[in-house]
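J.: Below is the sequence, then the predicted model.
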Amino acid sequence: MKELGKCRNGRNGIRSWWKNYQTAVWIEVVFLGIICICSVYLFSMEKQNQEAEAEAVMTEIQKAVEAAADSGDAEEILYTALDALPRTGDELADNCYEVAAGVYSSTGFSQGTTNDNIICRWQSYEDGEIRTEYISLEKYFEDEITDFFDVYRQNQQRSHRLYISEMDGYYHGEDDFCPMRVVLCDSYTGEIVYELTNSWYENENYTSVMVRRLTELQEAETGSGDSEQMQSGYFSVYICDSELLSVPEKYDMSMAEDDIREIYSGGSRYFIHLTNVNRFGAYECCISVNIRKLTLHSGIIRQYILPILALGEALAVFLICVYVYIKKKQENIRRLRETFLNAIAHEMKTPTAVIKNSAECLEAGLQQEKQTHYINMIGSEADHMNDLLNSMLVYTRVTDAECEMKKEPYLLKETAERICGRYEDLMQKKELSLTWDIQGSGQVTSDPVLMEMVMDNYISNAVKFCSTKGGIRITVYEHGVSVYNDGPELSAEELSCIWEPLYQGDASRTARDGSSGMGLAISEAILKMYRADYGARNKAGGPEFYFHIR
């Protein structure tokens with residue numbers, strides 16, 4: 001049964017939370033939807049831009065390939081196409097592009113094609129000039145390259161971007177660099193995808209000092225030992241996938257036009273297929289670019305989508321905070337209204353009962369000697385009910401958002417002196433002393449009637465709750481006043497609740513002094529209208545109430 005009760009309470013708690021805050025959830029959902037729509041739209045626009053740029057790149061590659069085609073060498077065509085590929089910022093648009101080339105004799109038979117391969121382009125600066133070097137990794141890592149392409153195709157690694165983190169090798173002569181170890185990493189995770197190694201240098205006349213090639217950023221993080229040299233530059237990785245070529249082993253020379261240029265799309269990839277027939281035979285070159293990969297690396301996410309996401313989320317959080325704040329205020333108002341109505345009912349119940357009981361005694365003619373007492377009780381309780389109703393009417397008026405505020409110059413000291421005169425008899429009865437501390441003119445701009453109500457509440461409370469033979473000190477500032485009285489300090493609960501309507505810190509207060517419990521609540525409402533600084537605090541020997549109108 002206990003578990004069942006817990007489950008029901010849990011479900012009720014969730015329902016209550018959803019009922020109160022479902023608007024906040026929908027605000028977040030709407031903003032996330034808008035952000036997603038904007039992101040998809042921006043990504044689509046950027047993808048179209050990348051396709052247009054890719055087509056322009058393909059056109060330039062076509063011109064370069066046509067100029068090199070008479071060589072009849074597939075590798076020459078391939079490297080010419082690679083030289084025409086663009087740079088993107090400080091990095092090369094490396095394995096976003098895949099290339100393949102093939103050449104055919106005048107009889108239509110294949111003279112050679114680029115096989116499955118990884119082409120590494122190494123660029124370094126020497127004497128202020130860029131030095132470019134192409135390394136066909138198939139030449140040095142034939143078995144490993146075959147395994148690489150098996151995994152590359154099976155795991156659809158085309159969607160990933162590879163980069164070379166480092167390359168170790170030896171020189172044979174001045175320009176012939178033989179890589180011994182190549183580390184291929186995933187650009188998204190930074191993890192090593194492949195590590196290629198070979199042992200050619202054991203059978204060749206290579207230098208004995210190993211050379212380590214690193215990018216400029218990596219060079220600053222990597223030390224150099226005595227047995228190796230360091231070179232800095234930039235790596236680029238290009239995949240040469242023979243599957244891009246679609247021509248058969250025997251090419252029909254008679255059916256081909258002199259120049260064919262086809263552009264087509266497939267999924268996230270964009271292709272250009274060049275076919276040309278010349279006096280030496282024919283060649284074809286196919287370049288493929290991963291548009292989605294280029295789009296992701298174009299900076300659109302960092303420049304546009306992330307700021308939109310951050311701004312949208314900030315706005316959503318702001319609206320949710322505003323909604324939650326308003327909801328809590330509404331909840332507090334509802335709770336205060338219920339408390340207010342319950343307190344009014346309780347306050348009205350006692351005098352109503354007294355009046356009814358006294359009237360019944362008078363009607364029955366009981367205890368003739370107490371008829372005057374019953375009549376006085378009816379009058380007293382009627383006055384108390386009238387004061388309570390008037391207080392509630394004033395409170396309702398001053399808490400109305402559309403209440404018009406009257407503003408005119410007004411001196412607080414004169415009002416305080418007049419109010420102190422009303423309570424002179426009570427002060428003499430309790431043998432209280434009154435001290436004035438004038439530190440300013442005490443002039444404010446407000447409604448004199450409303451401000452007199454505030455001053456009357458402050459001073460009447462000080463007189464009622466001041467200790468017998470104690471003292472009251474009224475301090476007048478430039479734009480405010482404070483009222484101090486000797487007596488017991490206010491508790492933390494009283495300091496936080498005394499401004500609530502009908503709050504009675506002392507349960508016997510109403511019976512003792514006939515207070516309605518609305519005085520400080522009305523004072524707070526009036527002071528809030530004028531945006532005043534107000535409050536209560538404990539001083540040495542007693543409490544002090546203050547306000548300051550700017």
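T.: Now that the structure is in, tell me what you want to look at. Just so we're clear, the structure is a prediction, and the values are computed from it rather than from any experiment.

J.: didn't Gly281 look like it was pressed against Tyr104?
T.: Yes. With contacts defined as C-beta atoms under 8 Å, Gly281 counts as touching Tyr104 at a distance of 4.8 Å. (Each C-beta comes from the backbone N, C-alpha and C, glycine too.)

J.: For those two, list the residues in contact with both.
T.: Overlap of the contact sets of Gly281 and Tyr104 (by C-beta atoms under 8 Å, 6 or more residues apart in numbering) consists of Gln111, Tyr251, Met253.

J.: Would you show me how to pick out the buried ones of these in ChimeraX?
T.: Applying 16 or more other C-beta atoms under 10 Å to those leaves a buried subset, and the ChimeraX line that selects it is:
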select :111,251
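
J.: Dump the shared contacts of Gly281 and Tyr104 into CSV; add secondary structure as well.
T.: Putting the shared contacts of Gly281 and Tyr104 into CSV (DSSP: H, G, I helix; E, B strand; the rest coil) gives the following:
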residue, secondary structure
Gln111, strand
Tyr251, coil
Met253, coil
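
J.: Of the shared contacts of Gly281 and Tyr104, which is the nearest to Tyr423?
T.: For Tyr423, the closest of these turns out to be Tyr251, at 116.6 Å, with distances computed as C-beta to C-beta.

J.: how about the strands in the stretch 301-450 of the chain?
T.: Under the criterion DSSP state E, counting those that start in this stretch, strands of the stretch 301-450 of the chain are mapped to 408-411, 433-438, 443-446.

J.: just to revisit the earlier point, between Gly281 and Tyr104, who's got more neighbours?
T.: Comparing Gly281 with Tyr104 by other C-beta atoms under 10 Å, the one with more neighbours is Tyr104, at 27 against 20.

J.: who does the more buried one bridge with?
T.: Ser110, Ala282 (DSSP bridges).

J.: Give me the local confidence score for it.
T.: Predicted confidence (pLDDT) at Tyr104: the value is 81.

J.: For it, give me its contacts.
T.: Applying C-beta under 8 Å, 6+ apart, one finds that Tyr104 lies in contact with Ser110, Gln111, Val247, Tyr251, Met253, Gly281, Ala282, Tyr283.

J.: switch the cut-off to 7 Å
T.: Ser110, Gln111, Tyr251, Gly281, Ala282 (C-beta atoms under 7 Å, 6 or more residues apart in numbering).

J.: distance of it from Phe271?
T.: Here the criterion is C-beta to C-beta, to the nearest Å. By it, Tyr104 lies 20 Å from Phe271.

J.: try Ser187
T.: 23 Å.

J.: Correct me if wrong: Ile438 contacts Ile474.
T.: No. With contact defined as C-beta atoms under 7 Å, Ile438 and Ile474 do not form a contacting pair (9.2 Å).

J.: picking up where we left off before, ok, which of the strands of the stretch 301-450 of the chain comes nearest Gly128?
T.: The minimum distance between Gly128 and those falls on strand 443-446, with 76.9 Å, by C-beta to C-beta.

J.: Tell me which other helices or strands the closest one touches.
T.: With contacts defined as 3 or more C-beta pairs under 7 Å, 6 or more residues apart in numbering; DSSP states H and E, the secondary structure elements packing on strand 443-446 are strand 408-411.

J.: Tell me the helices and strands packed up against the strand it packs on.
T.: Based on contacts counted as 3+ C-beta pairs under 7 Å, 6+ apart, the elements that strand 408-411 packs against are strand 443-446, helix 448-465.

J.: Tabulate the shared contacts of Gly281 and Tyr104 (CSV), appending pLDDT and distance to Gly128.
T.: Putting these into CSV (pLDDT from 0 to 100; distance: C-beta to C-beta, whole Å) gives the following:
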residue, pLDDT, distance to Gly128
Gln111, 74, 40
Tyr251, 73, 46
Met253, 71, 48
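
J.: pLDDT weak spots in the stretch 101-250 of the chain?
T.: By pLDDT under 70, the low-scoring segments of the stretch 101-250 of the chain are 152-161, 188, 199-208, 216-228, 246-248.
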